[in-house]
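> any chance you could fold what I've pasted below:
(one chain, ligands or ions: 1)
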Amino acid sequence: MSEKNPRYITTTLPYVNSDPHIGFAYEIVAADALTRYWRLTGHEVFFNTGTDEHGQKIAQKADEKGESRQTYVDYYANEFKKLADKEAGLNLSYSEGGNFIRTTNEAHKAAAQEIWRRSLAKGDIYKKKYSGLYCVGCELFYKEDELDENKCCTIHGKPTEEVEEENYFFKLSNYQTYLEEYLSQEGVIEPEWRRQEAINFVKQGLEDFSISREKARLDWGVPVPDDEDQVMYVWFDALTNYISTLGWPEEGGNFKKFWQDGEVVQLAGKDQVRFQSVMWQAMLKSAGVKATDKVVYHGFINSGGQKMSKSLGNVISPYELITRYGTDATRYLLLRHVHPFDDSDVTWEKLDEWYTAGLVNGLGNLVSRVMKMAETHLDGQVQINEQAVFGVGYNESLRLFNPQSAIDIIWKEIQALDEMITETEPFKLIKTDRDAALKILTNLKEGLYHIGRLLRPIMPTTASAILVAIKANKKPDNLFPRLEK
Ligand SMILES: [Zn+2]
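Numbering: from 1, shown residues only. Below is the predicted model:
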């Protein structure tokens, strides 16, 4: 990626029919760490996230609860917004440059209608009679061989309904050649093997997809322009958030700065390849908007070898993590122990172990040992080189969207300082060779300062506590309390 450009980064928008889960928490914390890192290296960054709030599932749930749909989505949008909180959430920095977009926002709805109009004018939208087996829970039509023997959806286990209706379709088939070219560019997808997966998907031949429903079946959504019987189904509504958040169809302002002239990065889960790198890219081309520069796909988080699900009772919520470990420790646990591209496995037992090993006995212990000695024996300030850089390995890790590897580098430095203390025993040496001991303490303090700086994108509050403590030459309060049994 170019070095000077403004940058744009977005998560996918979670659908607001349930509380935030750990997989989304990983995605948004990774986006935040990259945002903070880029800002520290001189980029202006627009950080987008938000909530996807339309669809029949949401309407049904609101109706069941006897709430208005808007009240229902307001509640969930707030549950996701609270993730930004500095202490009760994950300390997300989109308010310092970015946006929380909601698809029920009026300007967003107008943008969804505008991208539709442009595709229609281009000849990429047509109406077709359609018949199929429909699952209300999934809001999807299924082919018979995708259902079980009772024609039930395999996700909901409920019978599908035979439905015939006339819907609008997007001519994805018009973009076969374009998408093959787009995906042939190295770097449009990370990791590289997911790009191969996308290429293979496109090579199999592209099918047009339906982009509306009859209003009788879906009445909580963006109206199709100039057709009062039809409502947009998912794609033109949900995906358009990535540009409506920048003020599109207004061509200037943030849209020009961050999308048109900036470097555009989207983060998404591994099941999103065909939506983000295929369908959305065709829609952008159809509407005459620049393609996404890069989509980065992460894996899924399982628990104890199983998919997390409500029925198995093994769902871990980010708010539970924050309650048990605190904001910065939760960021650390997610960014260090969730693999950036492959699936990962997380259980409460492992989380406790990781917290104790990495933070209580690792970082926290080092900070308190070094700062206690410094406070006792060093007077005055250590000369700190404010211009010091992050280091090649660390920069390279984050350039490759791999916070895990960047954190491994920090923890190697922590280990090196621990070893320096063990080998040189400055707390003993101070009695026999004061000058030599003070020199070691100064080196330790400088090393710790460097660690504090490297931690800034990952654990912002902890990083600042360390940097403040060093400048004040004072041991900070215990950063990571031991867990209660
Ligand atoms: Zn279903």
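
> and for Gly137, the neighbour number?
15 (other Cβ atoms under 10 Å). Where you see a C-beta, it was placed from the backbone N, CA and C, and this is true even at glycine.

> that one and Gln56: what is the separation?
According to Cβ to Cβ, to the nearest Å, Gly137 stands 9 Å off from Gln56.

> shared neighbours of those two, anything?
Overlap of the contact sets of Gly137 and Gln56 (by Cβ atoms under 8 Å, 6 or more residues apart in numbering) is empty.

> what about the helices in the stretch 51-200 of the chain?
Applying DSSP state H, counting those that start in this stretch to the stretch 51-200 of the chain gives helices spanning 56-65, 69-81, 106-122, 176-183, 192-203.

> go through the third one and flag the buried ones.
It stands for helix 106-122. The neighbour-count check on helix 106-122 (16 or more other Cβ atoms under 10 Å) flags 108-109, 111-120 as buried.

> from these, which is closest to the ion?
Distance to the ion across the buried residues of helix 106-122 (Cβ to the ion) is lowest for Ala112, with 24.6 Å.

> show me the contacts for that closest one.
Counted by Cβ under 8 Å, 6+ apart, Ala112 has contacts 103, 222, 232, 236-237, 240, 244.

> any chance of these in TSV, plus secondary structure?
Putting the contacts of Ala112 into TSV (DSSP: H, G, I helix; E, B strand; the rest coil) gives the following:
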residue	secondary structure
Thr103	coil
Val222	coil
Met232	strand
Phe236	helix
Asp237	helix
Thr240	coil
Ser244	helix
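
> greatest separation within these: which pair is it?
Farthest pair in these (Cβ to Cβ) is Met232 and Ser244. Separation: 13.0 Å.

> the two: who's more crowded?
A direct count of neighbours by other Cβ under 10 Å for Met232 and Ser244 places Ser244 higher, at 27 against 24.

> how about low-confidence regions in the stretch 251-400 of the chain?
Scanning the stretch 251-400 of the chain for pLDDT under 70 picks out 380-383, 385-388.

> 90 - rerun?
The model of the stretch 251-400 of the chain has pLDDT under 90 over residues 309-314, 379-389.

> can you list the residues of the stretch 51-200 of the chain near the ion?
For the stretch 51-200 of the chain, the residues in contact with the ion (Cβ under 5 Å from the ion) are 135, 137-138, 153, 155-156.

> on that earlier part again, okay, the contacts of Ala112 in CSV with pLDDT next?
Shown next, in CSV, are these (pLDDT from 0 to 100):
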residue, pLDDT
Thr103, 98
Val222, 98
Met232, 98
Phe236, 98
Asp237, 98
Thr240, 98
Ser244, 98
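
> now those as a markdown table including distance to Phe427?
Listed next are those as a markdown table, based on distance: Cβ to Cβ, whole Å:
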| residue | distance to Phe427 |
| --- | --- |
| Thr103 | 59 |
| Val222 | 67 |
| Met232 | 68 |
| Phe236 | 66 |
| Asp237 | 63 |
| Thr240 | 61 |
| Ser244 | 59 |
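
> and the helices in the stretch 301-450 of the chain, which stretches?
For the stretch 301-450 of the chain, applying DSSP H, counting those that start in this stretch gives helices covering 318-325, 327-337, 348-354, 365-377, 392-399, 403-424, 426-432, 434-455.

> so what's the gap between the last one and the chain middle?
Spelled out, it's helix 434-455. Counting by Cα atoms, centre = their mean, to the nearest Å, helix 434-455 is centred 34 Å from the centre of its parent chain.

> which residues does that helix contact?
Helix 434-455 is contacted from outside by 363, 366-367, 370-371, 373-374, 377-378, 382, 384-385, 388, 390-391, 394, 406, 409-410, 413-414, 416-417, 420-421, 424, 426, 429-430, 462-464, 466-467, 470, using Cβ under 8 Å, 6+ apart.

> one more time with 7 Å
With Cβ atoms under 7 Å, 6 or more residues apart in numbering as the contact definition, helix 434-455 has outside contacts at 367, 370, 373-374, 377-378, 382, 384, 388, 390, 394, 410, 413-414, 417, 420-421, 424, 426, 429-430, 462-463, 466-467, 470.

> then the fourth one?
Residues external to helix 365-377 that are found in contact with it (Cβ under 7 Å, 6+ apart): 414, 417-418, 421, 426-427, 430, 438, 441, 444-445, 448, 466, 469, 473-476, 478-479.

> that helix: which residues count as buried?
Neighbour-count burial for helix 365-377, with 16+ other Cβ under 10 Å as criterion, is recorded at 365-371, 373-374.

> give me the buried subset of the contacts of helix 365-377.
414, 417-418, 421, 426-427, 430, 438, 441, 444-445, 448, 466, 469, 475-476, 479.

> circling back: among the contacts of helix 365-377, which are within reach of the ion?
Among the contacts of helix 365-377, none lies close to the ion by the criterion of Cβ under 5 Å from the ion.

> got phi/psi on Ala268?
Dihedral angles of Ala268 (phi, psi; degrees, to the nearest 10) stand at phi -160, psi 160.

> all numbers from here: first residue = 165
That works, and once the first residue is 165, the last one we named lands at Ala432.

> just the mean pLDDT for stretch 200-218, thanks.
The average pLDDT within stretch 200-218 is 97.

> and it, end to end?
Stretch 200-218 stretches 31 Å from its first residue to its last (Cα to Cα, to the nearest Å).

> how close does the residue lying farthest from the centre of the chain get to the ion?
Residue farthest from the centre of the chain, counting by Cα atoms, centre = their mean, is Thr596 at 53.0 Å. Going from Thr596 to the ion by Cβ to the ion, to the nearest Å gives 74 Å.

> contacts only, for that residue.
For Thr596, no contacting residues are found, by Cβ under 7 Å, 6+ apart.

> so for stretch 431-443, what gets flagged as buried?
By 16+ other Cβ under 10 Å, the buried positions in stretch 431-443 come out as 431-433, 436-443.

> restricted to strands, list these.
Judged by DSSP state E, strands contain the following of the buried residues of stretch 431-443: 431-433.

> could these go into JSON lines alongside distance to Leu256?
Shown next, in JSON lines, are these (distance: Cβ to Cβ, whole Å):
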{"residue": "Leu431", "distance to Leu256": "13"}
{"residue": "Ala432", "distance to Leu256": "17"}
{"residue": "Gly433", "distance to Leu256": "18"}
